[in-house]
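Peer 1: could you look at this predicted model? Sequence included:
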Amino acid sequence: MSAELKSTTQGQTMVLTIHNPEHRNALGPEIYAAGVEALSVAENNPDIRSVVITGEGMTFSAGGNLQRLQTNRQQQPEVQAQSIEGLHNWIEAVRTFPRPIVAAVEGAAAGAGFSLALACDFIVAASNAVFVMAYSNVGLSPDGGGSWTLSRSLPRQLVNELLMCGERLTAQRLHQAGLINRLSEPGDALTEALSLAHGLNLRAPNVLASIKELVNEAPHRTLTAQLAAERDHFVRNLHHVNGGIGIQAFLDKRQPQYE
């Protein structure tokens, strides 16, 4: 059975499911391309207000397929470089998608699978889930932006433990470190992620897009530049129809119905 990325919808949430059970939901070029395409379609669909990424069954993703990597060693280096570019295109699409993306993690999130979860705006993980960047265990270095995200989210020593030692870290430890938003009972990560997504769907989509952009760009800006960006987003959102809806609903003590 070939690897694929299944796309379904639940209300205003698109669910992308990594389906490659024969290889523990390992990732590959076909899944990367499907991920980019699915997010492009969703961006042009105003009925989709959030996305959840999960894995088929009780594994999020084992990352790269080592058999495929071994085969690629017999090819020109450009072959693997192109494959990694496909992964990185998907990672960038996740980061820049203007609506919230939630990772729902059961079992293991390893290698590029861990990097994919890190690229999402929220991570919901089963309490028995494990996270590992085992590249160094097989003589490789990270890809998928894992080193970038981890170095901005965790202390340097813990990042080195993950990347250099290839240590498996539990969901509880990463939750305590602030990397995981919510823990669920085993088997309930998708349900919890959909609940989180539903709550986000009730908020003004233009505001969530502004927040995501501001948070993504903040590390690259000076305070002065970030203040200017916050000003511009605030003014734009105040004059958006949802600004009027939200303020009036608050004054009327009722729930807003955003467009």
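Peer 2: Sure thing, it's come through.
Peer 1: I247 should be in a helix, yeah?
Peer 2: Yes. Under DSSP: H, G, I helix; E, B strand; the rest coil, I247 sits within a helix.
Peer 1: burial count for it?
Peer 2: The burial count assigned to I247 is 12, neighbours taken as other Cβ atoms under 10 Å. Placement of C-beta: from N, CA and C, glycine included.
Peer 1: tell me the pLDDT of it.
Peer 2: Listed pLDDT for I247 reads 97.
Peer 1: how close does it sit to V241?
Peer 2: Between I247 and V241 the computed distance is 11 Å (Cβ to Cβ, to the nearest Å).
Peer 1: swap in R221?
Peer 2: When Cβ to Cβ is the yardstick, R221 and V241 sit 28 Å from each other.
Peer 1: equivalent analysis for R203, please.
Peer 2: In terms of Cβ to Cβ, R203 sits 14 Å off from V241.
Peer 1: in three-state terms, label E85 for me.
Peer 2: Going by three-state DSSP: E85 is helix.
Peer 1: state the helix or strand in which L208 lies.
Peer 2: Taking DSSP states H and E as the definition, one finds L208 inside helix 205-217.
Peer 1: now do the strands in the protein.
Peer 2: Counting by DSSP state E, the chain forms strands over residues 4-10, 13-19, 50-55, 101-105, 108-110, 122-126, 130-132, 168-170, 182-184, given from the N-terminal end onward.
Peer 1: right, so those strands: which one is the most enclosed?
Peer 2: Mean neighbour count (mean count of other Cβ atoms under 10 Å) peaks for strand 101-105 among the strands of the chain, with a mean of 29.
Peer 1: what's the angle from it to strand 50-55?
Peer 2: Inter-element angle recorded for strand 101-105 and strand 50-55: 30 degrees (by axes from the mean of the first three to the mean of the last three Cα atoms, to 10 degrees).
Peer 1: list the pairing partners of strand 101-105 within its sheet, with orientation.
Peer 2: Strand 101-105 has the following sheet partners, assigned by DSSP bridges: strand 50-55 (parallel), strand 122-126 (parallel).
Peer 1: what are the contacting residues of that strand?
Peer 2: Contacts made with strand 101-105 from outside it, assessed by Cβ atoms under 8 Å, 6 or more residues apart in numbering, are listed as 50-55, 60, 94, 109, 116-117, 119-126, 129, 131, 171, 189-190, 192-194, 196-197.
Peer 1: swap in 6 Å and give it another go.
Peer 2: Among residues not part of strand 101-105, those counted as contacts by Cβ atoms under 6 Å, 6 or more residues apart in numbering are 51-54, 60, 94, 117, 120-125, 129, 189-190, 193, 196-197.
Peer 1: can I see the domain layout of the chain?
Peer 2: The record assigns the chain these domain ranges, following automatic domain parsing: 4-201, 205-251.
Peer 1: for E259, which of the ones you listed is the nearest?
Peer 2: E259 sits nearest to domain 205-251 of all the domains of the chain, at 5.7 Å, using Cβ to Cβ.
Peer 1: centre of the chain versus that closest one, how much separation?
Peer 2: Per Cα atoms, centre = their mean, to the nearest Å, the displacement of domain 205-251 from the mean C-alpha position of its chain is 21 Å.
Peer 1: circling back to that earlier point, would you list the strands of the chain in TSV and tack on mean pLDDT and distance to E213?
Peer 2: As requested, the strands of the chain are exported to TSV (pLDDT from 0 to 100; distance: least, Cβ to Cβ, whole Å):
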stretch	mean pLDDT	distance to E213
strand 4-10	97	25
strand 13-19	98	20
strand 50-55	98	16
strand 101-105	98	14
strand 108-110	97	26
strand 122-126	98	16
strand 130-132	97	27
strand 168-170	94	30
strand 182-184	98	23
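Peer 1: so where's the stretch 1-150 of the chain uncertain?
Peer 2: For the stretch 1-150 of the chain, applying pLDDT under 70 flags the ranges 1.
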